[in-house]
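Asks: the sequence and its predicted three-dimensional model are supplied below.
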Amino acid sequence: MATYDPFRDLDRLASSLFDTRRGPRRMPMDLYRDGDHYVLSADLPGIDPGSVDIDVDGQLLTIRAERTLAEGDGVKWITREREAASFLRQLNLGQGIDTDGIAATYSNGVLTVTIPVSERAKPRKVQVVADSAAPTVRAHESIQVHESNEEPQPIEQ
């Protein structure tokens, strides 16, 4: 059973009064490339998946989420350390991303966003085809004759 600690409650009250982070909080995330797509994993524990909003505007990916807590009528709280909060994260996707193919899933408190690389940004090989019927290109040096000594001289460019 939890015991009442007035100093802990006083510390929590002071922290809430002087906490300057009342705006949206950042969510911790990992980002890596796996073949032809990027994978973003963000921790969002206790989030209702319906509150997660992912927008793509040009090359800017924005993730927003809300955590709400049940109030519980007639409930006598012993301790309440979890807070309702807003989360926000923005990423510049850069060029070479297929923004139409972005997909997201939420499982066990982790949001996973899959960001595919566009076809034109994928590495590719260009095949060189030898054509025996094509004319052979030969290079030769242009020369110019000077009147003074009548010997050919290379033209400088």
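Replies: Yes, it's here. Residues are numbered from 1 along each chain as shown.
Asks: in stretch 86-99, which residues are buried?
Replies: By 16 or more other Cβ atoms under 10 Å, the buried positions in stretch 86-99 come out as 87, 89, 91, 93, 97-98. From N, CA and C alone the C-beta is placed, and that goes for glycine too.
Asks: among those, which ones are in strands?
Replies: With DSSP state E as the criterion, strands contain 87, 89, 91 from among the buried residues of stretch 86-99.
Asks: and the first one, what's its pLDDT?
Replies: Each residue has a pLDDT score; the one for residue 87 is 91.
Asks: could you do the one 4 residues further on as well?
Replies: Per-residue pLDDT puts residue 91 at 91.
Asks: repeat for residue 76
Replies: Note on residue 76: pLDDT of 86.
Asks: run a quick neighbour tally on it.
Replies: 5 (other Cβ atoms under 10 Å).
Asks: now do the one 3 residues further on
Replies: Counted with other Cβ under 10 Å, the neighbours of residue 79 add up to 11.
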